[in-house]
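Engineer: Coordinates only, no sequence provided:
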């Protein structure tokens, strides 16, 4: 009999992460005591909030090697991706640029694919490239697609379902050689792998707060200044964020994102090493209990916190049903209410039936070794229950 | 030095219940779209919040779309409801609406900032329209007669979007009673956190997302919902108790006018917490800085534009001429005290005496 944990074991850190208590501590006074509107530049409370917001902006810039003026705050990565993709395309079109082609991958997050689909209605030409069975984009496939003049290439740095890392710097170089802009959705990558927008020569990069132990409801977009990337705003208003993103900046959330980025920069290597150890421990336990377990996605180019596992028998939904104390997922969270098989796994060549036997396990900063051991036992027991029946 | 916060219309003083609810939500790990236990717990927080906010403002939970704030709610309304229609906006609308409909010729207002209903009727007769009017103005607190506007809109088959961002939490606001098609709300203007807002729709109004993503909010707004901010939003909504701030506001007004100030919008119905004061001959920015140095925090016009001090478009539309650049906004927070009022009066009268002497010289 497995010892039952008294609270769920959270292994879904690609869906969202717990807010780090240090982030919380930094954020709270800005809601309860220093609650001025950061745009109220004329009085002390507004000025204090503004100064803290700018300090947070500097932390984000520092984490990715950007200039402070290159960081725009948003409500999250979905909004960042929408502004980057639609903003770049619409600005270019208004400026008379004849190019219509926008290139992205079949394994991108839904919000990227939907942004691109929206642009198709505006007369742009989306091209959705396939990936190799290990989830990596073949650079030759991109090179071929770039033979037609292209406005923008958008490739996510780390996949949300498989944890696979793309060669962003190499792909950006290909895009630039063809005169295209390069955007990366780094929601899963920021704070997990080193990113340097200057060295990698990126034009646009999207960040999410709640994927790196910050709160939900805040994100950022890096917009390169030299050479300048021009964007049309998604919506307008008070003209905040240099006119690119109107609306009162949520000072506490923004300050929390800054702190989350500072901590990520400080703890990245240690977190990654610890999480990799936990991942290996889980994997060896699972492999011992479940012969024939398959790991999806390239093994050498992946973040340590992710395992995308196909079980030899049973179903993912069945497994989740018999181990309710384990929080894992069948795919990305936004679509996990939908019963359709993951389009990301399909793009890797998995059949619907195989995808139906696949689970995503996300290990994070707050996962303990005891939880890994308990999860391993729960998996083994659940699998046995399901396959013996 | 004593500090008195009198800039609630820029951002309302937070309600303790909102902070507690935010903290509780931050302690939860789950993504509300995940189907496991943590996800379901997060989903419950989200849906409970949706029920609270929808019920308070006269709508159904299914018709409430959470956004990142008021600006996004306004932009979403104009984007989605304005398709195929002429957009008509009031001359004193917030920049969120003005920017969403930059080509819309504004509807005129009278000297108090109240929309001209005859002009509206004439424009409505020209064809299908979306009318955007705020319930309470952010700079003056003046109310538009929204129920009368809604009747006109209904008679002409027009849609009506109401920016209720300043009114919500400060007076009764009910989508159904107002007869509007949609209502924009902001959490931090009613004592909740910055980073959450909502668009509340009348039943069966379809909406196409401006920000598509993972299909959240029934496909009407993509992105992981800002759960802690939304939980704080709902708690603030529940904590909003009607407190009539008008008697306190009027004491400041009486003292200020005795010191040479002109009270703007006083002849029209307006929010009890808002006071717009012109001081002839003294630039608004000078007044705000002088008051800040005396520990009283107010603003000249809207906070979003307060970095770029110019003439208020609201006051200019009301025909105030030079006074449009000489007016400040004093907006009382929900937890204002007698001492705050006394401090504000003392600081204002000292400032007025000093600066008006300078202006006259």
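Structural biologist: Noted; the coordinates are in hand. What you see is a predicted model; the values in this text were computed from it and never measured.
Engineer: what are the pairing partners of the helix or strand encompassing residue B:65, and which direction each?
Structural biologist: Assigned by DSSP states H and E, residue B:65 belongs to strand B:64-67. Applying DSSP bridges to the sheet, strand B:64-67 is found paired with strand B:197-201 (antiparallel).
Engineer: what does the partner strand rub up against?
Structural biologist: B:53-54, B:57-59, B:63-73, B:76-77, B:165, B:175, B:181-187, B:207, B:233 (Cβ atoms under 8 Å, 6 or more residues apart in numbering or on different chains). Where C-beta positions appear, they are placed from N, C-alpha and C, glycine not excepted.
Engineer: Name the next helix or strand downstream of it, please.
Structural biologist: helix B:227-239.
Engineer: ok, residue B:51 - how many residues close by?
Structural biologist: 13 (other Cβ atoms under 10 Å in any protein chain shown).
Engineer: if I look at the closest residue to it other than its chain neighbours, how far off is chain A?
Structural biologist: Of all residues not flanking residue B:51 in the chain, residue B:61 sits nearest, at 4.9 Å (Cβ to Cβ, 6 or more residues apart in numbering or on different chains). From residue B:61 across to chain A, the span is 17 Å (Cβ to the nearest Cβ, to the nearest Å).
Engineer: I'd guessed residue B:61 sits against residue B:54; true?
Structural biologist: Yes: counting by Cβ atoms under 8 Å, residue B:61 touches residue B:54, with 4.5 Å between them.
Engineer: And these two? Which one has more around it.
Structural biologist: residue B:54 (21 against 15).
Engineer: Double-check residue A:297 against residue A:310; I have them as touching.
Structural biologist: No: counting by Cβ under 8 Å, residue A:310 is not a contact partner of residue A:297; they are 10.7 Å apart.
Engineer: so where do the helices sit in chain A?
Structural biologist: A:21-27, A:29-32, A:44-64, A:77-94, A:110-121, A:139-145, A:168-177, A:197-200, A:251-289, A:316-322, A:343-347, A:352-355, A:369-388 (DSSP state H).
Engineer: Could you do the stretch 1-150 of chain B as well?
Structural biologist: Applying DSSP state H, counting those that start in this stretch to the stretch 1-150 of chain B gives helices spanning B:16-26, B:37-56, B:70-81, B:95-100, B:117-124, B:146-155.
Engineer: burial count for residue A:95?
Structural biologist: Residues near residue A:95, counting by other Cβ under 10 Å: 9.
Engineer: what sits against the residue nearest to it when sequence neighbours are not counted?
Structural biologist: Of all residues not flanking residue A:95 in the chain, residue A:230 sits nearest, at 7.4 Å (Cβ to Cβ, 6+ apart). By Cβ under 8 Å, 6+ apart, the contact list for residue A:230 reads A:88, A:91-92, A:95.
Engineer: ChimeraX command to pick out the buried ones of the residues you listed?
Structural biologist: Selection of the buried residues among those in ChimeraX, burial being defined by 16 or more other Cβ atoms under 10 Å in any protein chain shown:
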select /A:88,91,92
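Engineer: Which pair of the contacts of residue A:230 spans the longest distance?
Structural biologist: Spanning the widest gap among those are A:88 and A:95, at 10.8 Å by Cβ to Cβ.
Engineer: before we move on, back to that, any of the contacts of strand B:197-201 buried? List them.
Structural biologist: By 16+ other Cβ under 10 Å, these give B:53-54, B:57-59, B:63-73, B:76-77, B:165, B:175, B:181-187, B:207, B:233 as buried.
Engineer: still on that earlier bit, comparing the helices of chain A, which comes out most buried?
Structural biologist: Of the helices of chain A, the one with the most neighbours on average (mean count of other Cβ atoms under 10 Å in any protein chain shown) is helix A:77-94, at a mean of 26.
Engineer: picking up where we left off before, what's the separation between the residue nearest to residue A:95 and chain B?
Structural biologist: For residue A:230 relative to chain B (Cβ to the nearest Cβ), the value is 18 Å.
Engineer: Just the pLDDT at that residue, thanks.
Structural biologist: Among the per-residue scores, residue A:230 holds a pLDDT of 96.
Engineer: Backbone dihedrals for it, both of them.
Structural biologist: Phi and psi for residue A:230, reported as degrees, to the nearest 10, are phi -100, psi 130.
Engineer: do you know how far it is from residue A:342?
Structural biologist: 35 Å (Cβ to Cβ, to the nearest Å).
Engineer: Kindly report the same for residue B:53.
Structural biologist: Where residue A:342 is concerned, residue B:53 sits at a distance of 33 Å (Cβ to Cβ).
Engineer: Give me the neighbour count for the closest residue to residue A:178 other than its chain neighbours.
Structural biologist: Nearest residue to residue A:178 in three dimensions, chain neighbours excluded: residue A:146, at 3.8 Å (Cβ to Cβ, 6+ apart). Residue A:146 has 20 neighbours, counted by other Cβ under 10 Å.
Engineer: same question, residue B:157
Structural biologist: 11.
Engineer: Low-confidence ranges, the stretch 201-350 of chain B, go.
Structural biologist: B:302-310 (pLDDT under 70).
Engineer: what ranges do the helices span in it?
Structural biologist: Counting by DSSP H, counting those that start in this stretch, the helices of the stretch 201-350 of chain B are B:227-239, B:246-258, B:284-293, B:313-317, B:338-360.
Engineer: Return the helix or strand in chain A with minimum mean pLDDT.
Structural biologist: Across the helices and strands of chain A, mean pLDDT, DSSP states H and E gives its lowest value to helix A:29-32, namely a mean of 90.
Engineer: What is that one packed up against?
Structural biologist: Other helices and strands packing on helix A:29-32, by 3 or more Cβ pairs under 8 Å, 6 or more residues apart in numbering or on different chains; DSSP states H and E, are helix A:251-289, helix B:16-26.
Engineer: mind listing what the spatially closest residue to residue B:350 that is not a sequence neighbour touches?
Structural biologist: The shortest distance from residue B:350 to any non-neighbouring residue, by Cβ to Cβ, 6+ apart, is to residue B:294 (6.8 Å). When contacts are counted by Cβ under 8 Å, 6+ apart, residue B:294 is found next to B:1, B:347, B:350-351.
Engineer: No further questions, thank you.
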